[in-house]
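1. using only what follows, build the 3D model:
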Amino acid sequence: MGTTARAVPHTTSRAAVLDAVRAAGTISRAGLVRATGFTGATISTVVRRLIDDGLVLETGRAESTGGKPRVLLRLDRNARYAVGVHLDPLGTTCVLTDLTGAVVSRMTSAGTGAEDAAAVVERTAHQIDVLVEGAGIDRDRVLGAGLVSATHGSPTREPVLRYWADYPIGAELRERTGLPVVLGNDATAAALGEYWSGAVGGSSAFAAVYMGTGVGAGLLLDGIPYSGSSGNAGEIGHVCVDVDGPPCWCGARGCVEAIAGPAAVVALARDDAALARAAGLAQGADGPPPSVAAGFAAVVRAARRGEPTARALLDRSARRLAVAVRGLANVMDLDLLVLTGASLSVAGPVYLPAIRRELDQAFFARGTHGVEVRMSTSAETAPAIGAATLVLQSQLVPLRGGPRWPDDLSEAVPAHA
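-> Now for the predicted structure:
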């Protein structure tokens, strides 16, 4: 966390100053004046109130440059906490984070599958209680719970989660926990989590490419999440890379997810009898074959053992994902890309170089600037951490949205005019 915050449209001067302290890691009052553009008097007043509220600490002095050493400020990471929940058909992850987004405690459980929505909410509420109580934290210091999934805001929900479409999950979880609840998309949340932790630095156009059971991307422009008009920005899993390719559940053909996503890789591996046996994907007498996530991990392990067919499948998937990522980078003029999600956490050594190579060779603006590509340091739990970050941002450093003018803004001209 070694950079100062970019100017973003915070709703209050307090939010702007707190965000600048977060982004910098440690910063003086003079540094805050430079970062925010506020007067010294405004910074002094806001900082004093943040210290009084226990959100910011004075943490020593900067090295003197000839005058009086400047007092440094940082967040008090134990001042507030947030809960993040990632709901997925194959697994639910709950985390409790401190004010910086660092994980204090974590719990995983079975996925949503076809389980009744009310039962999933009840189980999730119990997990939240266990996390908070187990950490010995006063519940009044928990700002809220963020809940994310791959389908939030999507009108064409993934088949296994369509039965959740009309269920008021946010209201129900709020009722059972007594905490404010923020809903979001898992890929966007993962991107926001990277930003809040300081991993994004001064990037002006950043994306987190997320691959769990599906494929997506979260976008941040100058530190502000870009979700599109319906929360579906960044759906690179449904970018077509083969117009004559297989049908996708979204209704199109040849989508990245249908051709190169984890489920597609596992399906192709199971179709190869020798590879299926070698990777342990064949259904046996002991029960059904492993899930998509477990199957994908098995293919990755087979590739690491030197199974050429397994490696070929992963290379093929990585090349196609890389093409879609290049398209995203071209459209958004990205300068930073982070790979995250459970599937990329196990297959990063294959996908990372493929994406880097594609962007080095074919990114449109490569003559002007490159795109830095790296793995997330918390790829497996990124959506849950990002869900907690949604709470931290909405409660502590809310951003002001742009004006949305009504459709009937125009006034009729009087007949006599």
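
2. how far away from the center of its chain is the helix or strand that contains residue 148?
-> Residue 148 is part of strand 142-149, with elements assigned from DSSP states H and E. How far strand 142-149 lies from its chain's middle: 13 Å, per CA atoms, centre = their mean, to the nearest Å.

3. next SSE after the worst-scoring helix or strand of the chain on mean pLDDT?
-> One helix or strand of the chain scores below all others by mean pLDDT, DSSP states H and E: strand 224-226, with a mean of 85. Per DSSP H and E, the first helix or strand lying C-terminal to strand 224-226 is helix 256-260.

4. packing partners for that next one?
-> Helix 256-260 is packed against strand 215-221, helix 262-271, helix 308-332, with contacts defined by 3 or more CB pairs under 8 Å, 6 or more residues apart in numbering; DSSP states H and E. All C-beta spots, glycine's among them, are computed from the backbone N, C-alpha and C.

5. what are the contacting residues of stretch 299-318?
-> With contact meaning CB atoms under 8 Å, 6 or more residues apart in numbering, stretch 299-318 is reached by 259-261, 264-266, 268-269, 272, 274-275, 278-279, 281, 346-347, 350-351, 354-355.

6. walk me through which strands the least confident helix or strand of the chain pairs with, and which way each runs.
-> strand 215-221 (antiparallel) (DSSP bridges).

7. just the angle between the partner strand and helix 308-332, please?
-> 30 degrees (axes from the mean of the first three to the mean of the last three CA atoms, to 10 degrees).

8. and strand 215-221, how far out from the chain middle?
-> Distance, centroid of strand 215-221 to centroid of chain: 8 Å (CA atoms, centre = their mean).

9. on that earlier part again, which elements pack onto the strand holding residue 148?
-> Against strand 142-149 (3+ CB pairs under 8 Å, 6+ apart) you get strand 81-88, helix 117-134, helix 169-177, strand 181-185, helix 186-196, helix 382-396.

10. deepest of the ones you listed, which one?
-> Greatest average neighbour count among the helices and strands packed on strand 142-149 goes to helix 186-196 (a mean of 30), per mean count of other CB atoms under 10 Å.

11. just the strands in the stretch 1-150 of the chain please.
-> Using DSSP state E, counting those that start in this stretch, the strands assigned to the stretch 1-150 of the chain run over residues 27-28, 56-61, 71-75, 81-88, 91-97, 103-109, 142-149.

12. now those strands as JSON lines including mean pLDDT?
-> Formatted as JSON lines, these follow (pLDDT from 0 to 100):
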{"stretch": "strand 27-28", "mean pLDDT": "92"}
{"stretch": "strand 56-61", "mean pLDDT": "89"}
{"stretch": "strand 71-75", "mean pLDDT": "93"}
{"stretch": "strand 81-88", "mean pLDDT": "92"}
{"stretch": "strand 91-97", "mean pLDDT": "90"}
{"stretch": "strand 103-109", "mean pLDDT": "90"}
{"stretch": "strand 142-149", "mean pLDDT": "92"}
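
13. no more questions from me, cheers.
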